[in-house]
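**Q** Need coordinates for the below:
(chains A and B)
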There are 2 protein chains.
Amino acid sequence: MEFSNFDELRRAVHGLKAVPTAVIDADEQHVLEGACQAAAEGLIEPTLIGDTDIITRLLGDISCKNNFRVIHASDDDAMAEKGVELIEKGEVLALMKGHIHTDQFLHPVLVHHLQGKKRISHVFLADLKTYPKLLYITDAAINITPDLSTKMHIIQNAVDMCILLGVEQPKVAALSAVEVINPAIPSTIDAACLAKMSQRGQITGALVDGPLAFDNAISAESAKVKGIKSDVAGDVDILLVPDLVSGNILGKDLEYLAGAQLAGIVVGTKVPIILTSRSDPANARILSCAVAALLCHRME
Amino acid sequence: MEFSNFDELRRAVHGLKAVPTAVIDADEQHVLEGACQAAAEGLIEPTLIGDTDIITRLLGDISCKNNFRVIHASDDDAMAEKGVELIEKGEVLALMKGHIHTDQFLHPVLVHHLQGKKRISHVFLADLKTYPKLLYITDAAINITPDLSTKMHIIQNAVDMCILLGVEQPKVAALSAVEVINPAIPSTIDAACLAKMSQRGQITGALVDGPLAFDNAISAESAKVKGIKSDVAGDVDILLVPDLVSGNILGKDLEYLAGAQLAGIVVGTKVPIILTSRSDPANARILSCAVAALLCHRME
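**A** Prediction:
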């Protein structure tokens, strides 16, 4: 069953066992609030990593009475290392980024081979009143200027995740500014190759088309006006953005101006990794936990 | 007076003389509908350039009774050339792109020096229910991968337009994915330079800041959480996007998912040029005509 919004997704998680999750650099109020609320909703069972004194004080401030396990670590590297160690021991089944910078957070994940065979990448899930189903946007947070080969892995990671979340054959649009191949716009060339890679079986489980402009991807009417024949146009599940900057602008804009609710997950790893921005509201953290929890259960 | 939405802008145009405007490649239904409606609202006085037979038949089909001047031209180059010729003779004061491709449309504009001293660039104006004033996005349609110097001109063009439309000292955000300088993300470096160029007087009339992520630019609250001190953050007028592709994705996404009304104008030229996409609705054409008409009157 494919989810048309986060309410449906959260109903699917309801009643499942909370996922033991290490929260890295937890000594910040928004982070703790997110973790406490996600725990209260039975999504995760947090292990809080950071400065024990600060965490204890903040838990009092936000009136979070739960008796979470707290592990002391004083610098960012140590916190991230500790999280990976807990994963390797099987004591937790997911990681959650707290106030720590993404680079420092992900470093031990990459070094310690928590990644699978593929590259790791990031997926935003967006719940929009103006689109009939969850929209997946990748990669807006990890790979800065991916080459063609990396884009192929980014798509496959998102497709695998999307299938786990119930989409039978995800429709992927490789985005650019136009729907024709223009050698002056390299993302049109990558997009054409990615569409063909999908046809040749180099990307599996999905229908990939590109290049498509955003309006052609999202609107069948717009594609029709431009005379575009595509199985993807107007019914897209996954938007592959040309690079991190354009993806970041898109994601934030959907959140701040289009009223989208966003969840952010790192994929291509052996365990789901919850990765939200330091400025994200608590709700984004909870939704991300719900997605990670469902992935955890379905990856078993 | 700065406009908080297009209704206010249209009230400011109301009663002004319609601007004689050449519509290039007018023999397509959506184009003619837009031109006819803009004429009916007293914004433009169209001269229709294209295949006379087709134009006459289509005008009948859409029950447009006006007695517009129609000039025959059979291929795209000839149509665009004819438009520029009418500008040079002073017979029209603005150009409007019809069904023709942007490249072919703009070619004679550049060759015949209709541009001013600067580079030409494109500005989207967006009217959003979720933002308190008109938002200017540049450049999402002409300069594909602008270098630093071109970005400087792109900003100055938008600033000059924004001032003509009533914003006293436009606030410009040079967008990237993050608010810190990261050598791996070239748009952060350009953005830092553009902010300093503004301080040094290389860009005039505006407050420029960057790098800013989209959320920091648009939301004072988000900037506060990230500890960003900026005169621009949370009150931005003009968003400079890093390249055409990211700008195009942003503009189309605002239109299709955030419910924005968009107008599109080419600036840095001696006359306003109305440039909308072939898949844009009639309303986008009318709004663009309203903006062009107001610019025409205020440039006098």
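**Q** mind giving me the domain split of chain A?
**A** Domain assignment of chain A by automatic domain parsing yields the ranges A:1-115+A:269-300, A:118-267.
**Q** any chance of the ones you listed in a markdown table, plus mean pLDDT and mean neighbour count?
**A** C-betas here are computed from N, CA, C, even on glycine. Formatted as a markdown table, those follow (pLDDT from 0 to 100; neighbours: other C-beta atoms under 10 Å in any protein chain shown):
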| stretch | mean pLDDT | mean neighbour count |
| --- | --- | --- |
| domain A:1-115+A:269-300 | 90 | 20 |
| domain A:118-267 | 95 | 22 |
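**Q** want to throw these into CSV with distance to chain B?
**A** Formatted as CSV, the domains of chain A follow (distance: least, C-beta to the nearest C-beta, whole Å):
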stretch, distance to chain B
domain A:1-115+A:269-300, 4
domain A:118-267, 4
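**Q** Hmm, residue A:254 is touching residue A:262, no?
**A** Yes. In this structure, residue A:254 is within contact of residue A:262 by C-beta atoms under 8 Å, at 7.1 Å.
**Q** Residues that sit against both of those two, list them.
**A** By C-beta atoms under 8 Å, 6 or more residues apart in numbering or on different chains, residue A:254 and residue A:262 have these common neighbours: residue A:126.
**Q** Helices of chain A, residue ranges please.
**A** In chain A, the helices defined using DSSP state H lie at A:6-13, A:29-40, A:52-61, A:76-88, A:102-111, A:148-164, A:186-199, A:214-218, A:220-225, A:244-257, A:282-299.
**Q** could those helices go into JSON lines alongside distance to residue B:242?
**A** Below are these laid out as JSON lines (distance: least, C-beta to C-beta, whole Å):
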{"stretch": "helix A:6-13", "distance to residue B:242": "30"}
{"stretch": "helix A:29-40", "distance to residue B:242": "28"}
{"stretch": "helix A:52-61", "distance to residue B:242": "37"}
{"stretch": "helix A:76-88", "distance to residue B:242": "28"}
{"stretch": "helix A:102-111", "distance to residue B:242": "19"}
{"stretch": "helix A:148-164", "distance to residue B:242": "18"}
{"stretch": "helix A:186-199", "distance to residue B:242": "13"}
{"stretch": "helix A:214-218", "distance to residue B:242": "16"}
{"stretch": "helix A:220-225", "distance to residue B:242": "24"}
{"stretch": "helix A:244-257", "distance to residue B:242": "5"}
{"stretch": "helix A:282-299", "distance to residue B:242": "24"}
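**Q** my read: residue A:162 touches residue A:135, true?
**A** No. Taking contacts as C-beta under 8 Å, residue A:162 lies outside contact range of residue A:135: 10.5 Å.
**Q** quick one: common contacting residues for those two?
**A** In terms of C-beta under 8 Å, 6+ apart, residue A:162 and residue A:135 are both contacted by the residues residue A:237.
**Q** hey, what's the residue sitting nearest the centre point of chain A bridged with?
**A** Nearest to the mean C-alpha position of chain A, counting by C-alpha atoms, centre = their mean, stands residue A:265 at 2.6 Å. For residue A:265, the beta-bridge partners under DSSP bridges are residue A:123, residue A:274.
**Q** Look up how far residue B:79 lies from it.
**A** Between residue A:265 and residue B:79 the computed distance is 50 Å (C-beta to C-beta, to the nearest Å).
**Q** Likewise for residue A:38?
**A** According to C-beta to C-beta, residue A:38 and residue B:79 sit 60 Å apart.
**Q** got it, and residue A:194?
**A** Distance from residue A:194 to residue B:79, by C-beta to C-beta: 36 Å.
**Q** With residue A:225 instead?
**A** Taking C-beta to C-beta as the measure, residue A:225 falls 20 Å from residue B:79.
**Q** And for residue A:237?
**A** Residue A:237 is 40 Å from residue B:79, by C-beta to C-beta.
**Q** ok, now residue A:222?
**A** For residue A:222, the distance to residue B:79 - C-beta to C-beta - is 24 Å.
**Q** do residue A:227 as well
**A** 20 Å.
**Q** next one: residue A:20
**A** The gap separating residue A:20 from residue B:79 is 67 Å, by C-beta to C-beta.
**Q** Could you do residue A:164 as well?
**A** From residue A:164 across to residue B:79, the span is 53 Å (C-beta to C-beta).
**Q** So what touches stretch A:200-210?
**A** A:152, A:155-156, A:159-160, A:162-163, A:169-176, A:188, A:190-192, A:194-195, A:197-198, A:230-233, A:238, A:240.
**Q** That'll do, ta.
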